[in-house]
Structure formats: C-alpha cells, structure tokens
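[1] Coordinates only, no sequence provided:
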C-alpha cells in the first residue's frame, strides 16, 4: 500500500480502497466537508431557480409575447436554449455509455457527475419546448395518446420526433444513472453513521450486498443499458438537428446538420464537464481521482470535436456558394459575414473555431487556466452557434420585405438565467447528497492499475497508461 | 350593511331631503351631487333597492320569489345593449327574411368630409358588422376605401360621445332643448343676431334645406363652414372658369395621357372620386394577353403619393414650384401665361410631355390637387381646355356641396373676437383643433356666451363648449348625402342608436324649434322633391333599397372663360417647405380614434400609429438627421416636435407632415401621445395644424433642427437595420417582382407567340419582365419536376387567386377589408414595432432605381395557398392541413402554437397571437393601473363601460375569434366559399364563377384581385392565371402557390431619357 509508485496518471497519490471511500464518501456523509462557498452557490442556484419559476409563471400568465419572438423569427431564445442545454447533456451519456462499451477506464472518475449533468441539463432543455408553445396546457397533444377524436399527432413533423427522442433520452439516462449508483448507495449505507442517512441509503441501495451474483447481474444490466444509450447519444441530437434540416429555411436546410450537431453536442458537453470538474477537484481535494490525465484527454476530445464543428462552419460557407442557392448565399454574405448580427457570427468563429486550437500544445491541456478559459469560450460559442442558426437565419427571408430583426426581451434573458440557476442548484445539491465520483468503479480501476498481484503478493504494479 | 337594515322609506326620505332646494329637473339625472350621501349611494348601487332582508321574508314569500326568479331567469338573456329594454320584442314571429346565422345586406352610405360613398351594410342578427361597396353607387361601384370601411369600427367605438353633457355633467336632450328654446326665443326679436352656426362640408339635401329654413327664420344669424381638407379652392377655381360653383369630374378610362400636378386622384383622402378614378385608371392600363396598350402617367409631385408611385415618369418639385410647373406646362401647350421655367429635369422633358399630350387631344387629362391654390387648378383647367379635354375626359358639374356659399371661418373668428356672437352652434366640426393656427379659434371661442357642440367624439372643441351633444353615427340614424358627382343617397340606420346620439339633421330640427326624427325629416324632404313622381312610396322604397336616388347627379356646367388671367408665380425660396397632407388613414384627425386605421400601414412609409416628418435623403444629410430622430420643426413662432422619416423619392426641399395627429382630446387612441405616455412611445405623432396658417394652408417654409434624441417608429416593412425596402439589383431575389416596360413586353409577346413551346414562352416573358435577374430555370423546373402539372386530387372546385400588380395602387383598402371580415386584432404600436402585426394581407412596397426618384412596385401578399405547402408537414399536431379544394387550412382549435409553420413559410404570411390581443384592444379597454401603461397588456384588461361587449358585437360571427397562442393566416375567406356552397347546393348547381368574392377582392378599387375556381377553365381566374404576365412567387421552391401575381408594366415615353440611367434600365 505504501508504494508511492502507483502514481499512475488516472489515479495519483497513495491510494487504497479506504482512502477512495473516504475522499468521495465524506462529501456526502460529512457536512463539514463543505465550505461556506458551497452554501453561497446554493443560494445562487436557489435564487436562479426562483427567477425561473417567476419567468415561467409570467410566461404562462401573459403568453409567448413576453419574449422577443416575432414574425419572421418565431423561434428565438427558446429554441436556442433548448438546443444548447440538450447539447450539454450529451457528454454524460457519451462518457458513461460509449466509453464504457469501448472499455475506456478513464471514464470511471468523471462519469457520475457528468451523468448527473446530463440529467439536469435535459431537465432544463425540456422546459423550453414545453413552454415555448403558444398554449402550453395543450402540449400533451404532441403525444400519441388514445382519444375519442381519433386524432393522432402528425408523424411527419420533426417536432414530434423530438418529443420521442428527448423523452426517451431522459428516461434512459435517468435509469442508467440510478443503476450505476446502486453499489455506491450500498457503500454509503455501510459507511453512514447518521441513522437517517443510513436508512435512506439502505432504501436506495435496494438490498445490495455485493455478492458475486449481484455483480454479475449488475454488469449484465449496465452493459445492456449502455448498449441502449449509445445510439441515443447519436440519435437525440440528430433528431434535434432535423428540426432545422427538414425545413426549407435558408441556413437550416442542411444535410450536414446531424453529424455536425452531434459533434457540437459532445464538444459542448465536455466543455461543461471541464467547467464543473476543475473546481470540483480543487475544492474537494479530488485531484488524485480527477487527474491531469483526465483533463488532458478531455481537452483532446474538445480539440477533436471542435475541429469537426469548425469543419461544419467551413462547409456552411462552402456549400452556400457551391450549391448556387442564392438565398443561402445572401444569408451568408448579408446576415452572417455582414449586417447587424455579424458580430455574433465572428464571435462564434473565435469561440468554437479558434480557441480550442490552443489545445495543440501539451501544456495548455493541463493548465487550469486554459482549460477553464477554453471551456467557457466553447460554452458561449455553442450557444452562439445555435443563435446564428436559429434566429439569425429566420431574420433573413425569401421575400426581402419580411426581413425583420429579432431582439430578446428581459424575460428571455431571465428565463435563460433561471435555467442556469436551476442547473447550478441541482448540481450543488448533487455534490452534497450523492457520491460525486463513482466509488466502486474507481476502486475497480485502482485494482486493475495496481494489478491483482499488488493486493495478493505485494509485487510491482503494472503500468496502465 | 346599515343601509340594508334601514327602512326603505327612511332612505328615500333622506334622498328627498338631499334634493330639496335643488333647482330644476336635470338634477335628478346629475347624480354627482345627490350621490354625496352614503345612504343614497348604496341605495342606488343596490341592485334591488326595495328588497327585503332575507330574514324578514317568511317561507311562503321566499318560495314565491324563488319560483318567480326561475321563471324570469330566461328573460334576462333578451336584454341587449343594442335594443332599449322597453322595445325588446322576442322573435316569436321573426321579421321577414331574418334567418339567424344569415347575413342581410342593406344599402346605405357613409361620408368622408361630407361626400357620400354608397355602401352595403352586412348585418347579422341586427348588428352591422361590415361595410362593403354598393355596386350601384356611382362613387363606389362595389369597392370601398379603408376609411369608409373602418366606419363600422367607429360605430362601436366605446369612446364615442354617448350622452348629452351640460358642462361636465350628464344631462338630457330635453334639458338641452329647454335651454336652447330659451336662448333662441331671446334672439327672435333680433332676428337671430348674435347666433352663429359652424358646419363641416354639407352635401345632404335635407340638411341644406333645413339650413335655408333656419336662415329664413333667423335672417341675422350667420352660417359658416370649415373643412380642414376641403374643396374650397377647387370650387373657386371652377367658378373662375365656369362662372358657377362647381367641381370637375374626370374620366380616366378615356385618358391616354395623364399629367398630374400633385393631383393624387388615386387616394380617397385627396378626392372623393378616387375609387372610381382608380378603377378607370386601371382599366386604361389593363393589358391582357401577349399585346396591349396602356395610358401614360406623368406625375409632378411635391410629396410622395399614390399617383407618383404608379407614374411612368415622375418629377419631384418643391410645393411652391408646383404652380411654376403648371405655368410652364401651360406655356408649352401654347397658352398665354406668365412665362417661367419649370424646375429641374421637368423643363428638359416638357416638350416631350406636351408633344405626347397634343398627340392625344381630347384623350388626355391634366389633374391638379384639389387642395392646391386656385391658380394651380385654373391653370390645369385651361390646359385641359387647350387640349380639347373639356367635355370629354374632364367635365364640370355643379358642386354637390351645400356649404359652398357659407361664411369663412376667419370671419367667424373676427365676429367672436368682437363679441358679436353670443350663441354658437358647432356641428360635426372640430375647429379648435383644425382651424388655421393664426386664427386662435379656441381663444376666440371662449368669449362666446353659449357654446353648443355636436360631435361624434368629445374632442378639443367640446372641451371648450357648454353643451356637448353626442352625434349619432350614420349606421344608427337616417340621413342623406351626395357623392362626388352629385348623386344623392339615403342613409338608413341599421340599428337603434347604441348611445344617446342624434344626427345632424335631428339637432338642426331642434334649432328650428321642432323635435322631429331623422326618418320624418329625410322622407318629408324627398317627398317635397317629388321623388318617385306620383308614386312617392314606391320611389322612396326603391331609393332606400338601391342606395341611390335616380336623376340626382349634379347638372353639368359649361366652361365660360377660357383665358382667366393667372398671377405670376412667387419665386420659391431655397429653404425647406413643409406641405400638409390629409393622413391616408386617419384623414384630418377625425378618425384618430380608430384602431384599424391607426394600424393601417401608410402606403409609402409603412409607418403605423404616427405621423412623421418626411425628408428626402439629401435634406436629411444636410440637416444631419436620420430616420427615427426627434426634431423640432418651426415656422415663425410656431413649432412642433416630430419624428423624422427619410423617404426615398421625397422631393428635395419638401417636407411632408400629415395632418390629424397630436390630438389632446377625442378618445383613448386619438390622445395616445398626450395622455400617460412619453412622446414616440405608443404613437400619436405631432400636430401639424400648429404650423398651418390661413395664408399657408397647403405648405409653409420651415426650419428643422434635431433635438438629439431618438424615437422609435413602428413600421411594417423596411424600417429596420435589415432593410427590406428595395429589390436588390443582383440576382438574389431574382423573381420576386416581375416588372417591365410595355414596349419590352409587347416585343416579348411577339416573339413568344412565334414559339409553340409553352415552357419556352414562359421563359421569354420571364426574361423580359425580371430586370435581367431571371436565371433561366423554367426549363429545369419543368424537366426536373416530379409533380404532375396539376395536382387536383379531387374532382371539384379548386380555388385560386391572381393579383395584378399592374393594377394595384397600394391604397390599402384590401388590408382593412380583410381586417373587418376576419376579426383581425389591432395590436398597437409597441407590438407592431416588435414585428407582430396581425394583418393577413400586406402590401409589400419595393423600390428600384435611384433613391432620389425610385420606381415603386406594389405587391400585395397574403397566404398563397401552396399546393405543396411547407407549413403543413412540420406541424406536430396537424393543425394546418390541406383541403380537397386546395385550401391550406388553419385549425385554430388544434393549434398548440409551436410556430414551426411560420418559420417554414417562405412567404411569411402567417400571424401568431403572441398575446391575448382580442381581449386587450386598446380602443375597447382601459388600463387598470398607471403602472400598466408600458408593459405588455395583461390577460384581460378592464373593459371600458361596454368595451368588450361592443367589440363582440362587431365581430363577424362567421369567423372564429382567435385566442392567444394560436397561429392564423389568410383563409381565402373560406366562410364566403362555404356560404356560396350552401347557396349553390340549395339551387342544385355548382358554384358559378363570381359566386365567391373574397373581402380583399371586393374592396379593391382597381380590381387587381381575382378569385375563383381554377378547375373551371372558363373562369376569370383561370384565364388570368394563363395570362403571360402571370407568375408564381418563389416558383423555384416548388411550393406551387394557388395565388399568382401578375407582372407590373410601365409605359415610359421613349422620347424621354430618364435622368437616372439605372432607373431606365430597370423600369
């Protein structure tokens, strides 16, 4: 145990099962593990959620007109934010499902909180399509439910596919997350000293005893769920992109959208994982579990997906010229490259296209500053991307007389700030009440890294890199 | 509640004690004073003041009441605002022809500045809901302008004057008459000396006869007339050439060449004959098939009017240069007039213009503005005479106005100032607001002892008067009026007065010491005129039924003087000149409280809810101001603050300010700028009357300086950082507007007729009419097309429409017609500014050529009902679907409001109810709190007195009223199609061509819109669709629109080289 040479890049320091249990478990079991800063952030989150509630109430009371949407830009912040949040939700499932299936062990210490992020982000995202309709109380008409009118939804509409895609994604992610938590609940149950905590975790652990049979069943289920989730990662954002690609709006009707949207989602998701991961490991002293190696690899994914996204931007420019479609070309020249919204387009190119290029340098990939900076830039950039695509394309029309600008209203901003607060609140509560890092998977990783021999015979560990 | 316990007798006693010692009967109705006492208040507010407390009632009585309440419960439903309680008659025996759910149409007339336009009033269950043109009326021929159509909204306006007021207290007509009698009696001895009566323009024969009677009875009384945008100078000009008071009547259908001197004969605010002139003008320019002829229009303009937008050659001059231009034209024609040069480019082109005119002797018209100084108009008449047009295209008839010989307002002010007036009666006229500023009418009025004002809205003048009388609307009172060529019409009421108003003639009868109803007055007058000859009853009924009285057109006048001497022109200064125009929507301000008109985009600027300081780009640059800038316009000591709008085509040196805004009284919308809002916030504009003096009624030199602040104007097109005003020259919007010259078109037609191939033909025309922007692709579309040529999947009627851009004058009548027919909400300036206007049809205005003098093309766009509609597949709940007959239908009930359909609509014709507009109409509700003024309306604001109910009465019951969160759009007037279907089924036949007329088509003065069944190859619409000028908007998207547009043609004079080469190339 005392061998400091287990200084692998995925788990650093002098670690054993007990230290891992402690460093993760104490966040849940020991309230002193949280500083006043946690409480301050909770206040911020709660206030944000309050703002969200107020803006929702005002929206339902008054109507969509409280927002800045108009004709021609019938979609604005509502759908921009929806797509942005959905995109952020993508990293979690990608990390937990696809990397699991690909046997990427480095996911083990970041999958839990990125899955939580997924669920919370999808919750924020889901609010928008539900509330952006003119009559939200009739939203259930979008579901194919039996009714005396014999009236079905219109299956040709991508908005309907969206309903299925997002709701499936949310429910599968939730189940996947919960299943992954069960062994950890059992650990917490065993470690907890507080009676109520013990009781609650016992209930949540669903009688987990850690028997070989339990583990066998668990592994089977987890891999099946991962198998179901993996295509969802690709399908959800593909379908979200169909909301635009199916239409005839110049700037929307683009066949490259599905892969481009998926890459963008992964891009945004990983940026958000970094934004949360870095303070998390710093303030809760988890650097030995979320190491620079993780950051390095995540930065590489950012760079890779960033290049795909950048390629997408390049393609948009290319085919608007190459297609010979004059409306596309006008959109490009008059609305994106020039005009009142051009600054957003160029900001997008800077944030998503140029900023990630810093990660070609090794040092930047492990520098806290550059990681945070680029991740924030990417988050902003991905938001701008949706802004460029959605309202900016709509302000540019086939008939020049219809061109009208779009300005968001106070309530647009309030609702977006509200979802940010709501998301923060959920994440802050998650850090306090649930194991932020997957305890047993990290132990498993430690075991694999140290090698069985270490535990049995105390021999030299095997390098895992 | 102590009062409830109080004995009924006690309460009444107390009240009587209160009233003790009060003078006169009227105090029974002036509740303010009595209502000081708490007891009376609660007694009065108690619904059943004499009821007993529940505890005092024994069981038997209670049961008795319970039974009676149940029995009576059903009756309360019969009580309506529109019928006084005592006259309610249950339809046990329904009136003849009254079928619930079926509209009835009655002929009547509405007036604007006195002149009548014949209408058919659509009435549902006793409620007038829409005005349509009367096809038999010579001033309508079936079409109707925006202002006339919006009269029906005026009728239901809750701000309309509803009660007689003595000072600020509610009074009654009886009280007024009593007071009037005592006042008049005091004047009998002096034969009426000291009495003054002021009218607006009067054409009503009945009214005129009564005024004569009044004059006879009080020979010393003085009668005056004042019309702010009237035809005083026109009548004077006609008198100069015919020796009699008269007006000209034109025939543009026979005119091959038209020259206008600011004479905007296409706009109803300029001349009462505009609807007819627009129709004649369109006829003279109609091109069908591959070859055609068109009249040619030269417009000399000092502002931007409809005529200039339709002109083949347009010359911009300053307002003071119009007379110079007229003289130069006269000189060139060969008249002996003071010799001057025409300004600018006009001088160069004058010989060619005159050559053109002389080549069409007797087939040309020169039109001056009816408000222009008399010398301009005389010059125009003399030119017409020299060209042999008099009696052919220009006729003079005796003036239909009875108010011509009345006194001038300036004399009235003089009299008032010298205390020569002690009783003044102002009838349907708002001189305090509209009189020339130098007269200071309001100040003079204050010196009159008794002031009586009869008005539809209590306005600026009412505020200074002692007796405020509510004027009945023409839909609720009997009357008569003459049209622009003299034909008289009977105005018949469609409903009992909804307020306590009386018509002008009824009040006039009060002044004659009688109290007779309008019906008797009108009927008796026409009886005395031997209407119907021996059979008066028959003649009367026919006249009421038809809406016109036969043989009442004004007598023609012969031109007697052919060489009136004309004064030399005053050299125009170098400064800016502001000209005052009637607003195209709210006219002289009298319609400022009308939401439909306030929100009607002004033809050229597309601005709503405001008047603007219109500047040319050059002047704006010189002054260092730009659109939206708040500026101070000053003329002498008078100054007004307004918002600048830089308008392409505005003559350099000319500033146009529309009259009618900046009201301080007259209803919620009229006073929107002055009450509770910061300037520019909700609209309301500035008061141009403040600059208008009796010497300078038309234009005045002004200075403009910036106030350094920016205001926001709300405009429906092109007023944004994104532009959207003009057709770009590069082939981006290649085929949106098809326009070309007649010459090019005829040449293309010849070529096309030679080639047999249909696709090839189409290409030839497209090339000729698309400014060279057409990228040849018809062939590609035809070859690569997977759709069959016709996608009628059902063997029935297939609806379609054509809109002829060559006929469209951009007047906006269709917009109001659609609004009235389809219950379209008014949303207010703020919401229009956000891009949320609700009009189902819009008139896009595109410029091409130079900014100084661009060509204008009008393109009305409503839902084009695509056969392959992009909106349909994207709706997740199937709320927008296609009918068998090719209608793209919107199912409001099913719509959840995702708005994807609007995003996917390439024509952007869908409108979304972002807020609950229906229950929040500014005109019909009041703000519940002062804080509420600037935020979005709440879900339901408090209705004004009967506000919301009145709006409900106005709504067309055949069209769903849309709630918030629902998408809406043009339905091709599906309710009218269904009506026609029911009728045809009853008759056992198919729907015939012309059975279905959409609201926009019906209103259009130039008959630009044709609607009908495309499956019927003999229908008019099918023929128009096959016309070479017909094209589908955005054809390359393969949406297959059912509405086709038809290319605009211009007919420039080949001998005139346009000043601007680009204009020439693209005109």
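    Arrived safely. In this text the structure is predicted, and so the values were computed from the model without any measurement.
[2] CA only for contacts and neighbour counts going forward, please
    Fine.
[3] quick one, helices of the stretch 1-150 of chain A?
    All helices of the stretch 1-150 of chain A, identified by DSSP state H, counting those that start in this stretch, fall at A:17-29, A:36-62, A:77-88, A:90-93, A:99-101, A:111-131.
[4] for the shortest one, packing partners?
    Here helix A:99-101 touches helix A:212-245, going by 3 or more CA pairs under 8 Å, 6 or more residues apart in numbering or on different chains; DSSP states H and E.
[5] pLDDT of the helix it packs on, averaged?
    Across helix A:212-245, pLDDT averages out at 91.
[6] quick check: angle from that helix to helix A:77-88?
    Angle between the axes of helix A:212-245 and helix A:77-88 is 140 degrees (criterion: axes from the mean of the first three to the mean of the last three CA atoms, to 10 degrees).
[7] who are the neighbours of the very next helix or strand once past helix A:212-245, in terms of helices and strands?
    Per DSSP states H and E, helix A:212-245 leads on to helix A:257-283 as the next helix or strand towards the C-terminus. Here helix A:257-283 touches helix A:77-88, helix A:90-93, helix A:212-245, helix A:292-322, helix A:368-387, going by 3+ CA pairs under 8 Å, 6+ apart.
[8] Counting neighbours, which bits of the host helix or strand of residue A:185 end up buried?
    Residue A:185 belongs to helix A:158-191 when elements are defined using DSSP H and E. Of all the residues in helix A:158-191, those buried under the rule 16 or more other CA atoms under 10 Å in any protein chain shown are A:158-166, A:169-170, A:172-174, A:176-189, A:191.
[9] From the contact counts, what lies against it?
    Contact analysis of helix A:158-191 by 3+ CA pairs under 8 Å, 6+ apart lists helix A:17-29, helix A:111-131, helix A:195-205, helix A:212-245, helix A:439-456 as its packing neighbours.
[10] And the helices of the stretch 1-150 of chain A: which comes nearest residue A:432?
    Closest to residue A:432 of the helices of the stretch 1-150 of chain A is helix A:17-29 (CA to CA; 5.4 Å).
[11] quick check: angle from that closest one to helix A:158-191?
    Computed by the same axes, to 10 degrees, the angle separating helix A:17-29 from helix A:158-191 equals 110 degrees.
[12] can you list contacts of helix A:17-29?
    Contact with helix A:17-29 is made by A:33-34, A:187-188, A:191-193, A:197, A:284-286, A:431-437, A:439, A:442-443, as judged by CA atoms under 8 Å, 6 or more residues apart in numbering or on different chains.
[13] how about CSV for the helices and strands packed on helix A:257-283, with distance to residue A:360 and mean neighbour count added?
    As requested, the helices and strands packed on helix A:257-283 are exported to CSV (distance: least, CA to CA, whole Å; neighbours: other CA atoms under 10 Å in any protein chain shown):
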stretch, distance to residue A:360, mean neighbour count
helix A:77-88, 23, 26
helix A:90-93, 21, 29
helix A:212-245, 26, 18
helix A:292-322, 8, 19
helix A:368-387, 12, 22
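[14] Let's have those in JSON lines, adding distance to residue A:274.
    Formatted as JSON lines, the helices and strands packed on helix A:257-283 follow (distance: least, CA to CA, whole Å):
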{"stretch": "helix A:77-88", "distance to residue A:274": "12"}
{"stretch": "helix A:90-93", "distance to residue A:274": "11"}
{"stretch": "helix A:212-245", "distance to residue A:274": "19"}
{"stretch": "helix A:292-322", "distance to residue A:274": "7"}
{"stretch": "helix A:368-387", "distance to residue A:274": "7"}
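[15] what about these, which gets the closest to residue B:562?
    Of all the helices and strands packed on helix A:257-283, helix A:292-322 comes closest under CA to CA, at 67.2 Å.
[16] and that closest one, is it in reach of chain B?
    No. For a cut-off given as CA under 8 Å from any CA of the partner chain, helix A:292-322 has no contacts with chain B; the smallest distance is 12.4 Å.
[17] could you say what helices and strands that helix packs with?
    When contacts are defined as 3+ CA pairs under 8 Å, 6+ apart, helix A:292-322 packs onto helix A:257-283, helix A:326-330, helix A:362-366.
[18] Next, the angle helix A:368-387 makes with it.
    Going by the same axes, to 10 degrees, helix A:292-322 makes 30 degrees with helix A:368-387.
[19] tell me the centre residue of chain B?
    For chain B, the residue nearest the mean C-alpha position is residue B:147 (1.6 Å; CA atoms, centre = their mean).
[20] Verify the stated contact: it with residue B:597.
    Yes. With contact defined as CA atoms under 8 Å, residue B:147 reaches residue B:597; the gap is 6.9 Å.
[21] Now for the two: what residues contact both?
    With CA under 8 Å, 6+ apart as the test, residue B:147 and residue B:597 both reach B:585-586, B:591.
[22] As CSV, these with secondary structure would be great.
    Formatted as CSV, the shared contacts of residue B:147 and residue B:597 follow (DSSP: H, G, I helix; E, B strand; the rest coil):
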residue, secondary structure
B:585, coil
B:586, coil
B:591, coil
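[23] With pLDDT and neighbour count added, can I get these in TSV?
    Shown next, in TSV, are these (pLDDT from 0 to 100; neighbours: other CA atoms under 10 Å in any protein chain shown):
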residue	pLDDT	neighbour count
B:585	93	30
B:586	92	29
B:591	93	24
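[24] Out of those, which comes closest to chain A?
    Here the nearest of those to chain A, counting by CA to the nearest CA, is residue B:585; it sits at 21.4 Å.
[25] give the contact list for the residue in the stretch 51-200 of chain B positioned nearest to chain A.
    Proximity of the stretch 51-200 of chain B to chain A (CA to the nearest CA) peaks at residue B:146, 22.2 Å away. Contacts for residue B:146 (CA under 8 Å, 6+ apart) come out as B:585, B:597, B:812-817.
[26] Provide the secondary structure category for residue B:117.
    strand.
[27] Pull the number of nearby residues for it.
    The tally of other residues near residue B:117 (other CA atoms under 10 Å in any protein chain shown) stands at 33.
[28] For burial, what's the neighbour tally of the closest residue to residue B:270 other than its chain neighbours?
    Excluding the flanking residues, the one nearest residue B:270 by CA to CA, 6 or more residues apart in numbering or on different chains is residue B:264, at 6.2 Å. Taking other CA under 10 Å as the criterion, the count of residues near residue B:264 is 23.
[29] On the three-state scheme, residue B:264 is what?
    coil.
[30] per-residue confidence at it?
    With respect to pLDDT, residue B:264 has a value of 92.
[31] Throw together a ChimeraX command that grabs the buried residues out of the contacts of helix A:17-29.
    Selecting the buried subset of those in ChimeraX, with 16+ other CA under 10 Å as the burial test, is done by:
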select /A:34,187,188,191,192,197,284,286,431,432,434,435,436,437,439,442,443
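[32] where along the stretch 101-250 of chain B do the helices fall?
    Taking DSSP H, counting those that start in this stretch as the test, the helices found in the stretch 101-250 of chain B are B:146-149, B:151-155, B:173-188, B:205-217, B:232-242.
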